[in-house]
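Q: sequence-free structure coming up:
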């Protein structure tokens, strides 16, 4: 009997011992092949399920990627603060309050008594009930004519003309205030060029061409150069810097906008690359010597001239994904631990800069215990076959565990040094404004336009962080005296 490939009961009944052995060997090979196929399909299915399960709550995906479908109900990892809803004690309100000396006062007399119709016009009022209306006056374009005197010199017979003020270069032109407002509306509120012109026309009854907005932005960019240089210099001296990056469509291609920021400073730049080449070209992180807060993008970690801290908001989202998708208890335990440490740091007295050694040792031990629980649930994959190059692909829980275990110091930096925040939300908020610009106004048509926007937005964001009026700051930049953040917070150059 030859080695069989298909079998039925009649064949097996007539088969001798060797034939049965052959049948078992063939079946065993088929089972092994099917097992391997099932394992490969299970990996693919898990990857597809992971992809479908990710949303903005449990991963780094933006909320816009969630679409219109109703997101699954998730459990919040936030802990109750014990505070009542609404404004907290000490919060500065914004309710209107009466002014003692209003600009205008209107008196409303009482002519007659509504009850008996008696004439009250000659009666002196015993008092007044006050109400105040806050509004803006009617505004319109004002034209200022500059007349430069012309004289003939009786000595040399030359014709001499007086000089016009700086900036007055055309027979007819717009002034710095309307140009400042045009740039403000376009770069701060993301109103497109044409609509900015329409808005100015509705406000002032005089509609400038959209080209005015473009030209105003270029002038503001040039005027803010001293401030941008000061921002870059001061970022290099910061104790803690926040770094992030995000994709941006420029000239029909995907480029990357990078941000470096602190509580008082913001600097944006756009580059065709995302990683080390762009970071080196921008020049802040390579020369930074403080503590760099960022996500776990490996290009940041290359720069060893500074210390690093990882954003725990990213970790919480990834831990929530592992909890929901893989049902592994260690992930929820780790999330709770991180939040418990954060609560203890937040409630610590303002006079201390770190947790006590006892509390640090306690939290570190608990951290290590959770990592070990996770590794037991996610053993390392088997070694790849000798002919297969590279490392065997790991599951998302195993990858997360490896990162948390290897970079424990970077994850827990916020409890060692209270100057370091729990997350990188500061940089994420800063860079979100650039994404809003793209969503509202679309992509940038030119590289120069993207560079101009990043420069002006760096200036505006820094101005806002100091509580300075943005329009006035833009106007001052056009007049050659831009806002300098160092002088505003009393820091030396």
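A: That came through, no problem. The shown structure was predicted, so the numbers you read here are calculated from the model rather than taken from an experiment. Residues are numbered from 1 along each chain as shown.
Q: Domain boundaries for this protein, per the record?
A: 175-220, 222-308+429-488, 312-379+394-416 (automatic domain parsing).
Q: These: which one's closest to residue 89?
A: Minimum separation from residue 89 across the domains of the chain (Cβ to Cβ) falls at domain 312-379+394-416, 16.4 Å. To be clear about C-beta, it is placed using only N, CA and C from the backbone, and glycine gets the same treatment.
Q: Quick one: mean pLDDT over the closest one.
A: Domain 312-379+394-416 shows a mean pLDDT of 95.
Q: 35 is where my numbering starts, stick with that
A: Okay, using 35 as the starting number, the last item reads as domain 346-413+428-450.
Q: and that domain, how far out from the chain's middle?
A: Distance of domain 346-413+428-450 from its chain centroid, counting by Cα atoms, centre = their mean, to the nearest Å, is 23 Å.
Q: Of all the domains of the chain, which one is nearest residue 66?
A: Here domain 346-413+428-450 is closest among those (Cβ to Cβ), at 21.6 Å.
Q: Export the domains of the chain to TSV and append columns for mean neighbour count.
A: TSV is the format used below for these (neighbours: other Cβ atoms under 10 Å):
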stretch	mean neighbour count
domain 209-254	18
domain 256-342+463-522	19
domain 346-413+428-450	17
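Q: Compare those domains and report which one is nearest to residue 65.
A: Checking these against residue 65 by Cβ to Cβ gives domain 346-413+428-450 as the closest, at 23.8 Å.
Q: Endpoint to endpoint, the closest one covers what distance?
A: Domain 346-413+428-450 has an end-to-end distance of 14 Å (Cα to Cα, to the nearest Å).
Q: picking up where we left off before, with distance to residue 136 added, can I get the domains of the chain in a markdown table?
A: Formatted as a markdown table, the domains of the chain follow (distance: least, Cβ to Cβ, whole Å):
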| stretch | distance to residue 136 |
| --- | --- |
| domain 209-254 | 24 |
| domain 256-342+463-522 | 22 |
| domain 346-413+428-450 | 42 |
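Q: out of the ones you listed, nearest to residue 133?
A: Of the domains of the chain, nearest to residue 133 by Cβ to Cβ is domain 256-342+463-522, at 19.6 Å.
Q: what about the helices in the stretch 185-334 of the chain?
A: Secondary structure of the stretch 185-334 of the chain by DSSP state H, counting those that start in this stretch: the helices cover 210-221, 227-238, 244-257, 259-270, 310-316, 332-335.
Q: so which of the domains of the chain gets nearest residue 62?
A: domain 346-413+428-450 (26.2 Å).
Q: For the stretch 335-484 of the chain, which segments count as strands?
A: 341-344 (DSSP state E, counting those that start in this stretch).
Q: which residue sits closest to residue 281, ignoring its sequence neighbours?
A: The shortest distance from residue 281 to any non-neighbouring residue, by Cβ to Cβ, 6 or more residues apart in numbering, is to residue 288 (5.2 Å).
Q: shouldn't that neighbour be in contact with residue 304?
A: No. Judged on Cβ atoms under 8 Å, residue 288 makes no contact with residue 304 at a distance of 11.1 Å.
Q: okay, and the common contacts of those two?
A: Common neighbours of residue 288 and residue 304, counting by Cβ atoms under 8 Å, 6 or more residues apart in numbering, are residue 282.
Q: who does residue 328 bridge with?
A: With DSSP bridges as the criterion, residue 328 is bridged to residue 344.
Q: Just list the residues touching it, thanks.
A: So residue 328 contacts 276-278, 334, 342-345, 458, 461 (Cβ under 8 Å, 6+ apart).
Q: what do you get if the cut-off is 6 Å, keeping everything else the same?
A: Neighbour list for residue 328: 277, 334, 458 [criterion: Cβ atoms under 6 Å, 6 or more residues apart in numbering].
Q: Now residue 462. Nearest residue, chain neighbours left out?
A: What sits nearest to residue 462 in space, not counting adjacent residues and going by Cβ to Cβ, 6+ apart, is residue 278, at 5.9 Å.
Q: Just the pLDDT for that neighbour.
A: As predicted, residue 278 sits at a pLDDT of 96.
Q: Look at stretch 357-371 and report the distance between its end residues.
A: With Cα to Cα as the measure, the ends of stretch 357-371 fall 14 Å from one another.
Q: I should have written stretch 433-450 there, sorry.
A: By Cα to Cα, the extent of stretch 433-450 from end to end equals 25 Å.
Q: Please apply the same query to stretch 168-179.
A: Note: stretch 168-179 ends 33 Å apart using Cα to Cα.
Q: just how off-centre is it within its chain?
A: With Cα atoms, centre = their mean, you get 37 Å for stretch 168-179.
Q: same question, stretch 250-266
A: Taking the mean of its C-alpha atoms, stretch 250-266 sits 22 Å from the chain's own mean (Cα atoms, centre = their mean).
Q: go on, stretch 209-228?
A: Distance, centroid of stretch 209-228 to centroid of chain: 22 Å (Cα atoms, centre = their mean).
Q: pLDDT (mean, whole number) over it?
A: Here the average pLDDT along stretch 209-228 is 94.
Q: next one: stretch 133-150
A: 92.
Q: picking up where we left off before, quick one: contacts for the residue nearest to residue 462?
A: Applying Cβ under 6 Å, 6+ apart to residue 278 gives the contacts 293, 461-462, 465.
Q: Present those as CSV; the columns should include distance to residue 324 and pLDDT.
A: Output for those, formatted as CSV (distance: Cβ to Cβ, whole Å; pLDDT from 0 to 100):
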residue, distance to residue 324, pLDDT
293, 16, 97
461, 14, 96
462, 19, 93
465, 19, 92
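Q: Nearest to residue 71 among those residues?
A: Using Cβ to Cβ, these come closest to residue 71 at residue 462, 42.7 Å.
Q: Could you report the neighbour count for the closest one?
A: The number of residues packed near residue 462 is 19, by other Cβ atoms under 10 Å.
Q: Give me the distance between it and residue 430.
A: Look at residue 462 and residue 430: by Cβ to Cβ, to the nearest Å, they are 22 Å apart.
Q: How about residue 126?
A: As defined by Cβ to Cβ, residue 126 lies at a distance of 44 Å from residue 430.
Q: next one: residue 323
A: Separation of residue 323 from residue 430 (Cβ to Cβ): 34 Å.
Q: same question, residue 398
A: Distance from residue 398 to residue 430, counting by Cβ to Cβ: 25 Å.
Q: quick revisit: give me the beta-bridge partners of the residue nearest to residue 462?
A: Under the criterion used (DSSP bridges), residue 278 bridges to residue 293.
Q: What of the one 5 residues further on?
A: For residue 283, the beta-bridge partners are residue 288 (DSSP bridges).
Q: Which of the three states applies to residue 65?
A: Assigned state for residue 65: helix (three-state reduction, DSSP: H, G, I helix; E, B strand; the rest coil).
Q: burial of it, as a residue count?
A: 10.
Q: same deal with the one 5 residues further on?
A: Other residues lying near residue 70 total 10 when counted by other Cβ under 10 Å.
Q: for the one 5 residues further on, same thing?
A: Other residues near residue 75 come to 10 when the count uses other Cβ under 10 Å.
Q: what secondary structure does it sit in?
A: Assigned by three-state DSSP, the conformation of residue 75 is helix.
Q: ok, it - contacts?
A: The contact partners of residue 75, by Cβ under 6 Å, 6+ apart, come to none.
Q: ok, now residue 250?
A: 213, 216-217.
Q: Would you check how far apart it and residue 517 are?
A: Residue 250 is 17 Å from residue 517, by Cβ to Cβ.
Q: ok, now residue 186?
A: For residue 186, the distance to residue 517 - Cβ to Cβ - is 45 Å.
Q: Spatially central residue in the chain, please.
A: Against the mean C-alpha coordinate of the chain, by Cα atoms, centre = their mean, the closest residue is residue 462 at 2.4 Å.
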